[in-house]
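Chemist: I would like the atomic coordinates for the input below:
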Amino acid sequence: MRTLLRSSLRHLAARRAHYSDASKVKRHLLSRIYQPGNRWMENSPEIQAKSNEPSSKSQRLLYKAGLIRPASPGCFHYLPHTVRSMEKLILVIDRAMQEVGGQKIDMPTLCSAALWRQSGRWDLVGTELLCLTDRHNREYCLGPTHEEAVTDLVGTEGGISYKQLPLLLYQITRKFRDEKRPCFGLLRGREFYMKDMYTFDINEEAAYQTYNNVCDAYSNIFSTLDLKHVKVQADTGNIGGKMSHEFHLPASIGEDRLLVCGTCDFAANVETLHPDEENCPSCRGQLTESKGIEIGHTFYLGTKYSHIFNAVCIDAENKPVVAEMGCYGIGVSRLLAASLEVLSTEEDLHWPNLIAPYQICLIPPKKGSKEMAASFVAEELYDDICTIPCMRNEAVLDDRVHLTIGKRVMEAHLLGYPYVIVIGKKALESPPMFEVQNHRTGEVQFLSKEGVLSFIQDVPVI
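Modeler: Below you'll find the predicted structure:
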């Protein structure tokens, strides 16, 4: 053992020298990541003082894992792991929106009350608006959505040439709503992230085509995340327009009641049907009720806003035509929480694999244990994993070697890393073997270093 330990230390020194250049390997060390201890639980005085509201599984697990913290009712601190996941989710959404021609913009959070009064929504939305007045007595709301702002922008800049159509403008920003009863953590808050897109077309036929394209893109986003979702006809509400659909994740905690046909593809929010309606209006099949968490909403607006703000398209004959519009939202932070709500167990987080904060957590031996001689093997394996281009920033090393392997494995499963690699007794064998745990399936396999590196090549990443 002493000979092996001396050899290990020499090998480790050589490896450290080899990787002294930080540009070669960037190590994500768990001990350096800000992650408040999970002693700060849902029933602690700190949380109760800040948030006296109904909770959900996703909220409880995110608290327990140290990934979010409440700031005030309905408002949260997003901590490093959660921010990584959000950034990946935004990348998935960006790609889908740009594939259908979306152009990303960024509009002000402060929305003019004058514009909202012009559209008639200042009084219609009423108490749900978070409003303020500046020192010059100008009134604003913190934007819950941006129909007025974007249509005024397009209208002020003059007509859109038919050569530029369809025009699809979108943003991903923080939004605000004065929720009377915020609850369930990120599922229903007062401050949240949303992707909102606004489209402009020259006629109804083109606008319906754009509408269908964006709806298909939404379905692709949710399918890419391996989320079972349902698209339902919905009420247009205070946003208005001619047609609306919602996208839901079926879940018992959902606050929307859905009716889904078992014979055809018809589905609807119950608020759009007659109270006594039991049969599908399309095929007369039986409708089954379920609950859902709304993660996306689409509207065909027609000319509701464009005629107010003079947003026009210029046709091939150089004549102005009032633009046909659509608007489309995805609650980004809600989608993150909703995916955890439907995928996680009561004890552990399960992320959609693509947007897990890290794909791999590597756990070296405890300091002072018999397996400590394999520590150099752990660092070598971690560095080799990080040299794979797609894994360069996707592995985290749990270097808290004062904790047992079992304790760290338990926390790794709580945090929901898709794959956990344990350097245990078998790492002292020749050749070293590593325990690879699949968090989603529970499958465990022992692989050589070459086997681990080959296995990792097939892990899907953004």
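Chemist: nearest spatial neighbour of Gly296, skipping sequence neighbours?
Modeler: Closest residue to Gly296 apart from its sequence neighbours, by C-beta to C-beta, 6 or more residues apart in numbering: Phe247 at 3.6 Å. Glycine gets a C-beta too; all of them are placed from N, C-alpha and C.
Chemist: separation between that neighbour and Phe184?
Modeler: Noted for Phe247: a distance of 18 Å to Phe184, by C-beta to C-beta, to the nearest Å.
Chemist: more neighbours: those two, which one.
Modeler: Using other C-beta atoms under 10 Å, the more surrounded residue of Phe247 and Phe184 is Phe247, with 26 against 22.
Chemist: look up phi and psi at that one.
Modeler: Main-chain dihedrals, Phe247, degrees, to the nearest 10: phi -110, psi 130.
Chemist: just grab the bridge partners of it for me.
Modeler: With DSSP bridges applied, Phe247 shows beta-bridge pairing to Lys231, Gly296.
Chemist: quick check, it in contact with Ala267.
Modeler: No. The criterion here is C-beta atoms under 8 Å, and Phe247 misses it with Ala267 at 10.3 Å.
Chemist: where along the stretch 1-150 of the chain do the strands fall?
Modeler: Here the stretch 1-150 of the chain has its strands, by DSSP state E, counting those that start in this stretch, at 68-72, 75-78, 102-104, 110-112, 131-133, 139-142.
Chemist: with mean pLDDT and distance to Ile423 added, can I get those in TSV?
Modeler: Shown next, in TSV, are those (pLDDT from 0 to 100; distance: least, C-beta to C-beta, whole Å):
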stretch	mean pLDDT	distance to Ile423
strand 68-72	94	30
strand 75-78	96	31
strand 102-104	98	43
strand 110-112	97	52
strand 131-133	96	55
strand 139-142	97	49
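Chemist: any idea which element the closest residue to Cys283 other than its chain neighbours lies in?
Modeler: Nearest non-adjacent residue to Cys283, counting by C-beta to C-beta, 6+ apart: Cys264, 4.5 Å away. Using DSSP states H and E, Cys264 is not contained in any helix or strand.
Chemist: and Cys264, backbone torsions?
Modeler: phi -120, psi -170.
Chemist: over to the one 5 residues further on?
Modeler: Backbone torsions for Asn269, taken as degrees, to the nearest 10, come to phi -70, psi 140.
Chemist: can you tell me the closest non-neighbouring residue to it?
Modeler: In space, Asn269 is closest to Ala234, 4.9 Å off (C-beta to C-beta, 6+ apart).
Chemist: could you do Val452 as well?
Modeler: According to C-beta to C-beta, 6+ apart, the nearest residue to Val452 is Phe434 (5.5 Å).
Chemist: for that neighbour, what are its contacts?
Modeler: Applying C-beta atoms under 8 Å, 6 or more residues apart in numbering, we find Phe434 in contact with 381, 421-423, 426-427, 446-449, 452.
Chemist: just the ones in strands from the residues you listed, please.
Modeler: Per DSSP state E, strands hold the following members of the contacts of Phe434: 421-422, 446-447.
Chemist: out of those residues, which are buried?
Modeler: Neighbour counting with 16 or more other C-beta atoms under 10 Å marks 421-422, 447 as buried within the ones in strands among the contacts of Phe434.
Chemist: save those residues as a markdown table, and put in distance to Lys242 too.
Modeler: Converted to a markdown table, these look like this (distance: C-beta to C-beta, whole Å):
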| residue | distance to Lys242 |
| --- | --- |
| Ile421 | 53 |
| Val422 | 57 |
| Leu447 | 57 |
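Chemist: and Leu397, backbone torsions?
Modeler: Phi and psi for Leu397, reported as degrees, to the nearest 10, are phi -100, psi 120.
Chemist: go ahead and confirm it touches Leu29.
Modeler: Yes. Leu397 is in contact with Leu29 according to C-beta under 8 Å; the separation is 5.5 Å.
Chemist: for Lys370, give me the pLDDT.
Modeler: Note on Lys370: pLDDT of 88.
Chemist: return the distance of the closest residue in space to it that isn't next to it in sequence relative to Pro365.
Modeler: Using C-beta to C-beta, 6+ apart and skipping the chain neighbours, the partner closest in space to Lys370 is Lys425 (7.5 Å). Applying C-beta to C-beta, the value for Lys425 to Pro365 is 9 Å.
Chemist: those two: which is more packed in?
Modeler: Shown here are Lys425 and Pro365; by other C-beta under 10 Å, Pro365 has more neighbours (23 against 14).
Chemist: residues in contact with the more buried one?
Modeler: Pro365 neighbours (C-beta under 8 Å, 6+ apart): 371-372, 374-375, 378, 401, 405, 423-424, 427.
Chemist: if we use 7 Å, what do you get?
Modeler: 371-372, 374-375, 405, 423 (C-beta atoms under 7 Å, 6 or more residues apart in numbering).
Chemist: I'd like those as JSON lines, with secondary structure, neighbour count and distance to Ile68 appended.
Modeler: Putting these into JSON lines (DSSP: H, G, I helix; E, B strand; the rest coil; neighbours: other C-beta atoms under 10 Å; distance: C-beta to C-beta, whole Å) gives the following:
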{"residue": "Glu371", "secondary structure": "helix", "neighbour count": "20", "distance to Ile68": "34"}
{"residue": "Met372", "secondary structure": "helix", "neighbour count": "17", "distance to Ile68": "35"}
{"residue": "Ala374", "secondary structure": "helix", "neighbour count": "25", "distance to Ile68": "35"}
{"residue": "Ser375", "secondary structure": "helix", "neighbour count": "22", "distance to Ile68": "33"}
{"residue": "Ile405", "secondary structure": "helix", "neighbour count": "19", "distance to Ile68": "27"}
{"residue": "Ile423", "secondary structure": "coil", "neighbour count": "26", "distance to Ile68": "30"}
